[in-house]
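Asker: just need the structure, nothing else, for what follows:
(chains A and B)
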Protein chains: 2
Amino acid sequence: MIAERLQALRNYMASKNLDAFIIPSTDPHQSEYVADHWKLRAYFSGFTGSAGILVVTQDVAALWTDSRYFLQFEDECKDSEVSLYKQSIPHAPEHVAWLCDSLEKDATIGVDYRQFSKSQIDYILSFTTPKSIKLQNKPHFAKEIWTNRPNLPNFEVSVHPLEFSGETTASKLAKVQTEIQNQEANFYLFSSLDEIAWLFNIRSRDVDFTPLVTSYALVGIEQTILFCNTNRFSENVIAVFEKLNISIKDYDSIATILPEITSGKRIVTDASSLNYACFEAVNGKFIYQNSLVKQLKAVKNEVEIAGSRNCMIKDGVALTKFFIWLEKELATKTISEYKIGRKLDSFRQQQEYYTGESFPAIVGYKGNGAIIHYKAPEENSAEVSNEGILLVDSGAQYKDGTTDITRTVWLGGTPSEKVKTAYTGVLKGYIELDQLQFPEGTTGAQIDAFARVHLWKKGLNYPHGTGHGIGSFGMVHEPAQGFTTGPTTERGTTPHLPNQLTTIEPGCYVANEFGIRTENIVLSKEVNTTDFGTFLGFEALTLCYIDTQLINIEELSNNEKDWLNNYHQLVFDKLSPLLNEDEKQWLQQKCKAI
Amino acid sequence: MIAERLQALRNYMASKNLDAFIIPSTDPHQSEYVADHWKLRAYFSGFTGSAGILVVTQDVAALWTDSRYFLQFEDECKDSEVSLYKQSIPHAPEHVAWLCDSLEKDATIGVDYRQFSKSQIDYILSFTTPKSIKLQNKPHFAKEIWTNRPNLPNFEVSVHPLEFSGETTASKLAKVQTEIQNQEANFYLFSSLDEIAWLFNIRSRDVDFTPLVTSYALVGIEQTILFCNTNRFSENVIAVFEKLNISIKDYDSIATILPEITSGKRIVTDASSLNYACFEAVNGKFIYQNSLVKQLKAVKNEVEIAGSRNCMIKDGVALTKFFIWLEKELATKTISEYKIGRKLDSFRQQQEYYTGESFPAIVGYKGNGAIIHYKAPEENSAEVSNEGILLVDSGAQYKDGTTDITRTVWLGGTPSEKVKTAYTGVLKGYIELDQLQFPEGTTGAQIDAFARVHLWKKGLNYPHGTGHGIGSFGMVHEPAQGFTTGPTTERGTTPHLPNQLTTIEPGCYVANEFGIRTENIVLSKEVNTTDFGTFLGFEALTLCYIDTQLINIEELSNNEKDWLNNYHQLVFDKLSPLLNEDEKQWLQQKCKAI
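Answerer: Below is the predicted model:
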């Protein structure tokens, strides 16, 4: 099937005199999860991971992805000609140098400009131009090859109310308009869906896992245009927006409106998110900056933080009921990984404001837990029984917040020293970073290693970053702060600020044996101010017991034991009022002080 | 005096229609310490710190430097019009944006191209070009203003023998030639003096503190040219070099030879070190890469490591005798900081192969210790007595290696809790990083914070990086590895490799009260290889007791006490055979287990 699709693409390339085609995994908004319409990379390669870039020439079909996906790639692409190129840094554009080395002078590469940001095309041009290699925009290439391609989503758009957002659209727009004036500009152009959803307080269900709305936005001082199909809005919403001088125009109309309205104007935008087709459509002068909305959005307001705290209780109750169910069921039978994932979802569905998962739940039994972005197939996933280790990484979208939590539990039998050593190192690493006090201005690359140091001591490590920002009924992986080994990445260079939500999720993976990860969402806050400046720290918001069966207790310091006991007391205190007597007793056992 | 010099420069600028002049602190080789001939920045500003950039317009004289030098700047420039602009990151070119904001369209900036690397000029052009601001090369500007400017140095060049270098010039050149061939090029062009000194195994005394030779080098496959005044070489050296196909041509002749010899050729070079005048003089095509010699040089060979170990014993003996002398003298009188520094030098002079200090010794009493690059003036420096705290940061050039060590000692009286807390936090930080085990590939920005974490817990910190590479009878601050808070800097992004020498030097500074720093040189080495890769660790090479009077012993973990006791045992074992009975007893006291 993949062979046929690649052949169709190669025939198209030959007919257009294209020597290569680059197919990234994104949509025109640089989204992580994309509507089916945009799943081009998966269509042509068979690889369904959320990060990866396909490069096709007449001879080669090569896929670049990072270590989180190596095992998944091998599984999904083993029967096709697609070969794996390992990225040393996630999302690094290492394929560009490779492709320019492979191609002859004066070759032509086909791309859909909408799938690339201005920065990405600039980067590609810095390699292609010296070699006289040309880029050609082929926005309609898929239309001519992909029969039965799904349409773009067109669901109703709902307003995200003030009780969840904590700030009116008028207030948010005013901040953008102030920045436009500071820059002596006329417009601010946005193409990131999460930024637009935050700015206009709108949500929908265009893509799986993320409640966003396919759109662009051009904010002006007097007039703002939201490019999104008008038939998606109720008359009521249209009327409210009109009062804010926001007019709604159809999504595709940006291509004709943008050149006219920007003629001779100054437009602020973020070159790392603006797609290159929009860049070409603008007639005015750009002023580039790190998106203001991205920065504003990363710092949560009091309502969003309260919402997140509430979600953690709901998520904790759902997970507690889930783990009780799992223990009980496994006492008498086996259950497939896939069914376990669906059951977890059903417990979350009972919680208020739940709208769906925030990413594809990872339920990995034994060696499957070592596949970092493992997705149990609906058919023939592993049967889980009452022995060995199970990793469950899952998250939810509630209207009052987004969650993301990983727990690794021991289901029965006698664990090896190897698995206990790794589990203990992961937990110690989590606690180390959770408890860190650090000066304001500290970036993600500077402190990521605190979650690794106890593993390093044992000769262990994990091949992914330690954490990421998270949205508020938004994207589960939100820029810009986080913890990463890549010093020059956005997460590596972005300082942590008070009132941000970030995950801490160290792990340890041994192929074919086990995967371990322990993940909480933490809130950053000021904890100390001295002559040396302001110091920040974290508060764990996620509420779910941490399995103590795999801990080598003698390896924990008193301080680490105190942390764990206090955390478990908090989990019990917050969740037990919402549990029945049996559940309460079960949780009390799990939260027992060590 | 500064006013007159600035006036002369402004008159010159007016006569040449220059609206601004940028005067950095370097020579044509991007050297940290420069010959008097190149001390232009100090001449026109009065600021003598080793890092800083002066920008002069008709209205403003502005100096950019980083936090290490803020107090020194205030002291040296308080009576002049020169104003301080604080760099948030050392050496960051923050002045460029400022200058381009200040200047009108079509303005002209004067520079001496030789003082700027290719990368630096590219960076400046990225700001000036969009605003139609022009750069003008004025290599002779100082000649017309600076009367009595010192000549370029012209001392004899000596060969650095194999017993110290551990690798022949032929072997080193062969590695460069292999790289030239790998790049399908004709030449490799070097302009960093430390790279040339390493590559050709040559040394001299052109600049204070660093035994380098003012030169350029053009390595070819069949013919290599060392651009350095021929009268500086003995006939013997010339003959040896001839056998290696190395011809020596006068330093200034590069300006005429380079355009001819490179015509139509491919030249490998490092754009971050090549000066822009050389860049303009080359007629061929450049291939840019991170300098091969910089990378080779940063990994020490067995002879260099053995030499360094030997230097540490000599340095330790000198420091022990020095601290004994100091304690004895202060019992009955006071001594000035300046004289203390000279006396320390005299103890080092008694050691084999000593050639001089590796940087200006910092002897800072009480509040002067808080001035991070403090230099006690020859006249009227503070009188040190037998009470309070003294910071001594010093280093030596021996023919078998380069040293750099800081110790902070308590001279008498009752220390405050504040100073003990800071001292203990610094020591704990030193031990934390010294003992860290980390995977190969880990960069300086990822682990710098381990030296800070115990200070952070107490709301303390220090405003400089935690350490730097060091040469072998070479530069005391050697690229590329180190420990830094700047994730995107060279030290931040360079992975540590086995067999490198790096300093670990956390500190804590309270203006007008005290400065504390504890610094050793450590050797990186493989300590563990597992399924997760190779892990590196450090071994402290520096041998000198660490004052225990300021340690809050109850704050040390057993592990930290063990480290300190083991280190002190090592110091005593290595140094005592070279001390007399009284000295031995004194050191035994200082190295007593806690």
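
Asker: can you pull the buried residues of stretch A:256-266?
Answerer: A:257-258, A:261-262 (16 or more other C-beta atoms under 10 Å in any protein chain shown). (Glycine included, C-beta is placed from N, CA and C.)

Asker: who's in contact with it?
Answerer: Contact partners of stretch A:256-266, identified using C-beta atoms under 8 Å, 6 or more residues apart in numbering or on different chains, comprise A:183-187, A:218, A:225, A:227, A:249, A:278, A:281-287.

Asker: can you give me the distance of the nearest residue to A:Gln30 once chain neighbours are set aside to A:Ala107?
Answerer: The shortest distance from A:Gln30 to any non-neighbouring residue, by C-beta to C-beta, 6 or more residues apart in numbering or on different chains, is to A:Ser273 (5.2 Å). Note on A:Ser273: its distance to A:Ala107, by C-beta to C-beta, to the nearest Å, is 29 Å.

Asker: the more surrounded of these two?
Answerer: Taking other C-beta atoms under 10 Å in any protein chain shown, A:Ser273 and A:Ala107 do not tie; A:Ser273 has more neighbours (24 against 19).

Asker: what sits against A:Phe535?
Answerer: So A:Phe535 contacts A:437-440, A:526-529, B:456, B:459 (C-beta under 8 Å, 6+ apart).

Asker: mind checking which of the residues you listed land in strands?
Answerer: Using DSSP state E, the subset of the contacts of A:Phe535 located in strands is A:438-439, A:526-529.

Asker: report the secondary structure state of A:Leu296.
Answerer: Three-state call for A:Leu296 (DSSP: H, G, I helix; E, B strand; the rest coil): helix.

Asker: what's the burial count for it?
Answerer: A:Leu296, neighbours per other C-beta under 10 Å, totals 17.

Asker: grab the nearest non-local neighbour of A:Cys278.
Answerer: A:Ser191 (6.0 Å).

Asker: what is the burial count for A:Leu326?
Answerer: 20.

Asker: any buried residues in the helix or strand where it lies, and which?
Answerer: Using DSSP states H and E, A:Leu326 sits within helix A:302-330. By 16+ other C-beta under 10 Å, the buried positions in helix A:302-330 come out as A:303-326, A:329-330.

Asker: now do stretch A:23-43
Answerer: By 16+ other C-beta under 10 Å, the buried positions in stretch A:23-43 come out as A:23-35, A:37-43.

Asker: show me where the stretch 401-550 of chain A has its helices.
Answerer: Taking DSSP state H, counting those that start in this stretch as the criterion, the stretch 401-550 of chain A carries its helices at A:417-434, A:444-447, A:453-457, A:490-493.

Asker: export those helices to a markdown table and tack on mean pLDDT and mean neighbour count?
Answerer: Formatted as a markdown table, the helices of the stretch 401-550 of chain A follow (pLDDT from 0 to 100; neighbours: other C-beta atoms under 10 Å in any protein chain shown):
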| stretch | mean pLDDT | mean neighbour count |
| --- | --- | --- |
| helix A:417-434 | 98 | 22 |
| helix A:444-447 | 97 | 28 |
| helix A:453-457 | 98 | 21 |
| helix A:490-493 | 95 | 22 |
